[in-house]
Every structure is written in C-alpha cells, then in structure tokens.
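Participant: Give me coordinates for this.
(one chain, ligands or ions: 2)
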Amino acid sequence: MKFSANLGFLWTDLPLPDAVRAAHAAGFDAVEFHWPYDTPAADLRAALEETGLPALGINTVRGEGNGLSALPDRVEEARAAIDQAITYAHEIEAGAVHVMAGFSEGEAARDAFVGNLRHACDAAPDLTVLIEPLNRHDAPGYFLSTSAQARDIIATVDRPNVKLMFDCYHLQIMGGDLTRQLRDCLAVTGHIQFASVPDRGPPNGGELSYDHVFAEIARLGWEAPLGAEYKPRGDTGATLGWMDRYRRA
Ligand SMILES: O=C(O)C(=O)[C@@H](O)CO
Ligand SMILES: [Mg+2]
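Facilitator: Ligands and ions are numbered 1, 2, ... in the order given. From the prediction side, this is the model:
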C-alpha cells in the first residue's frame, strides 16, 4: 500500500517545506496539505522537486468557518477562494483541490454549492475537485456530512472531475458500515484518508480495524496513496510504526 502524509496534521512543528522533507525521509509516497497559503508556493515546489514527492491536494480557505462554497450569499468570495486554490495547486503541481462547503443547510445552500463546484470543475479540468463529508460531532452544522449526500451532489454537479474525498474517520462516525460505504462510493472517490476512531490518532487502535479496511481497499483495486490524516499528539516520527506493517501487507 502507498501512503500520503497529510501535513495539516503531521509534522506541524516544522515549516511546510521541511515537513515535506520529513515525510520523504520517513518513507511516505506523497504529501497533501490543508491550507498552505502562508508558504510561498515556490518554496513548497522546491521541496517537492527536491524529494520527488507528488502533492495530492490542498483545501480552499476556511474563511471564518469551514469554507464558503455552500453559503448562498457569499458566492463571489467562494469563487475567489476556489480560484486562489486552483492557482496555488497549479504552482505546486498538486492534483486536487478540496472545495470546502461551510456551515449551512437547505436548498439555497445546495444550489450555491453545486454552482460553485461547477465553477471549480470548469475552471480547472486538469484538477480533481474534491468534496468531503465531515462528521457532525467535529463539525456540527457543516453542509456535507454523509457519503449519500456527497454522491447526490456529485451526480447533480455532473462533471467528470468532481469526486468524493472518502475520509474513513468521518464516515465511520457518520453511520459506519464502512466496507459497504467504500464499495458504494469507490467509483466516485478521488482520494481516501484515514485515522483511528474515535480519537483521530494513528490507524492502529480504536473501534475501526484498519487491517480489514486497508485489505478491502486493496481488494477493490485502489492503488493511489492513502492519506494519513491523524493527530499525532507529540513527535510525528514516533507514531509511524503502522506504516511498515501495512506497506508489507
Ligand atoms: O478534516 C478533514 O478531514 C479534512 O480532510 C480537512 O481537509 C478539512 O477540514
Ligand atoms: Mg479528511
């Protein structure tokens, strides 16, 4: 199996270019970012080129919530955030932009989200545009919280480059039955992330068996790196015992 280091959570004690180098030294196959915008893209790109690690994706800015794209009265700002993410993604040659919806609900929110996602897909046909359900305990009121809702939005957007960010952590909390959710969603999935449940730590404890989940992902034929998006709570390097084990599997 291949793994991507999510540098929004791993090695947060280091400047991002050094975090890329640390991920490379630790044996990761790729990296992904949350909000890298304070780091000049040229510095990040230099670290990516130096290590040879591909950048899988970045998020649109949060605004004062968890994004803007499902806020009906903020469409102009949402599109500016999308354009900013696309520009930055191109500068570091990242493959995806995660368009964050924000806290809202209802038909007008859905229409705004669909319109903004079409804008993103059409503005950057070379990128994957990701949407991610977040669990309702960590992100109460976030527009998108289930994989069924995400699949419905993806069908409505109706663009080849809009995909689901399947975060095992969030989707285990939102209903579980993760093996079935994986099977049902794989055709529209653009990236998979993981962490233990419920504490969002490394994938070797808690209520969810990653021995089973990773084996199922491999059995379904998924070969792209899986995003390690967990909170190390201390030295990241000391939490990586799981990687060798699953890499050998
Ligand atoms: O929280 C997550 O899970 C993410 O993947 C972030 O990118 C969005 O908050
Ligand atoms: Mg995630």
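Participant: give me phi/psi at residue 242?
Facilitator: Per-residue torsions, residue 242: phi -60, psi -30 (degrees, to the nearest 10).
Participant: scratch that, residue 127 is what I was asking about
Facilitator: phi -110, psi 160.
Participant: I'd like to know how many residues surround it.
Facilitator: The tally of other residues near residue 127 (other Cβ atoms under 10 Å) stands at 20. (Glycine included, C-beta is placed from N, CA and C.)
Participant: residues touching it, list them.
Facilitator: 86, 89, 90, 94, 95, 96, 97, 161 (Cβ atoms under 8 Å, 6 or more residues apart in numbering).
Participant: need those in a markdown table with secondary structure, can you?
Facilitator: Below are these laid out as a markdown table (DSSP: H, G, I helix; E, B strand; the rest coil):
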| residue | secondary structure |
| --- | --- |
| 86 | helix |
| 89 | helix |
| 90 | helix |
| 94 | coil |
| 95 | coil |
| 96 | strand |
| 97 | strand |
| 161 | coil |
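Participant: Mark which of these are buried, thanks.
Facilitator: With burial judged by 16 or more other Cβ atoms under 10 Å, the buried subset of these is 86, 89, 94, 95, 96, 97, 161.
Participant: Go ahead and confirm the last one touches residue 122.
Facilitator: No. With contacts counted by Cβ atoms under 8 Å, residue 161 stays clear of residue 122, the gap being 9.2 Å.
Participant: still on that earlier bit, wait, which of the contacts of residue 127 is closest to residue 130?
Facilitator: residue 96 (5.2 Å; Cβ to Cβ).
Participant: I'm done for today, thanks for sticking with me.
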